[in-house]
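Novice: let me see the structure of the following:
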Amino acid sequence: MSEEKHTKAPWRIDGEPFDAEVGVDIIGVDDITICEVHPLCEDWTNEEIANARLIAAAPELLAALKFCASVLSANPAEMSEKLAIETASKAIAAAEGRS
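Specialist: Take a look at the predicted model:
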């Protein structure tokens, strides 16, 4: 696998609970601002909140997908499939704001 070119994980959302008209920052390691996310109107929509969470979870999702691909290609046994599913499920939950 290639070395990551993006800001190192973890990323987090700074500015929750998504106050009206106020943007949030996606923050990386060493408090580096990755990007700012703002609502299009006065109040945050569920879609805009989900988008911010998805951006913040991007490094975790990429790492989980790479892990699952390597585990499944190297060890297609039942145990590796279970571990890959657990890893993917955790990343999905983070992207959906359930972690």
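
Novice: let me know the pLDDT of N75.
Specialist: N75 is assigned 69 on the pLDDT scale.

Novice: show me what whichever strand or helix holds K82 is packed up against.
Specialist: K82 is part of helix 78-95 when elements are defined by DSSP states H and E. Judged by 3 or more CB pairs under 8 Å, 6 or more residues apart in numbering; DSSP states H and E, the packing partners of helix 78-95 are helix 46-74. Every residue, glycine included, has its C-beta placed from N, CA and C.

Novice: now for the helix it packs on, which elements pack on it?
Specialist: strand 12-14, strand 24-27, strand 33-37, helix 78-95.

Novice: in it, what counts as buried?
Specialist: 48-49, 52-53, 55-61, 63-64, 67-68, 71 (16 or more other CB atoms under 10 Å).

Novice: before we move on, what about stretch 82-99?
Specialist: So, applying 16+ other CB under 10 Å, buried residues of stretch 82-99: A84, T87, A91, A94, A95.

Novice: and stretch 11-21, by the same measure?
Specialist: For stretch 11-21, by 16+ other CB under 10 Å, it's W11, R12, I13, G15, F18.

Novice: now for the most centrally placed residue in the chain: which residues touch it?
Specialist: Nearest to the geometric centre of the chain sits A57, at 0.7 Å (CA atoms, centre = their mean). Applying CB atoms under 8 Å, 6 or more residues apart in numbering, we find A57 in contact with W11, A91, A94, A95.
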